[in-house]
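Participant: my questions concern the predicted model and sequence given below.
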Amino acid sequence: MSLTDGVLVIFIVLMLLYALYDEFGMNLLKGKNLLKIPLKRSNRLDCLIFVGLIAILIYHNLINQGAILTTYLLISLALIAVYIAYIRWPKMLFKSQGFFYANTFIKYQRIKAMNLSEDGILVIDLEQRRLLIQVTQLDDLDKIYHFFVENQ
């Protein structure tokens, strides 16, 4: 196994760990899910560019008759990237002590203010940061509102 193959294996393992954490880990951490809201996808163009660059590497490897293991690893990396960007839905999970947003847990005590913009973006101000939350359906904003009213 070459150094390139080793690096590809490391990236594949890291991406798989991220996908598993996003799909299953957040559901199991910090207690029971009280509310689950799907969010709009972002960075789809970035993934398309990344997969395009990987396709160029696959083509280059095939033309130069490189190692077949490298080709398989590049294809695996591209498939995982497509899963993360196009198949998986980002979500916001509300728990009893806080919520998961962008794979990080934020306690409710950190919220300083909440506002709703005219175009349906929920703005949550934390101590040093502002979260811009775009939901897939506007009805989900009503669910979030009722959740905060009932649980705070």
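Facilitator: All right, it came through fine. Numbering: from 1, shown residues only.
Participant: distance from the element among helices and strands of the chain having the smallest mean pLDDT to the middle of the chain?
Facilitator: One helix or strand of the chain scores below all others by mean pLDDT, DSSP states H and E: helix 139-151, with a mean of 81. Between the centre of helix 139-151 and the centre of its chain there are 22 Å (Cα atoms, centre = their mean, to the nearest Å).
Participant: same check on stretch 28-39?
Facilitator: 14 Å.
Participant: point out where the chain drops to low pLDDT.
Facilitator: 152 (pLDDT under 70).
Participant: per the annotation, how does this structure divide into domains?
Facilitator: Listed by automatic domain parsing, the domain ranges of the chain are 3-30+42-88, 102-151.
Participant: just put those in JSON lines and tack on mean neighbour count and distance to residue 96.
Facilitator: Backbone N, C-alpha and C define where each C-beta goes, glycine included. Listed next are the domains of the chain as JSON lines, based on neighbours: other Cβ atoms under 10 Å; distance: least, Cβ to Cβ, whole Å:
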{"stretch": "domain 3-30+42-88", "mean neighbour count": "14", "distance to residue 96": "8"}
{"stretch": "domain 102-151", "mean neighbour count": "13", "distance to residue 96": "8"}
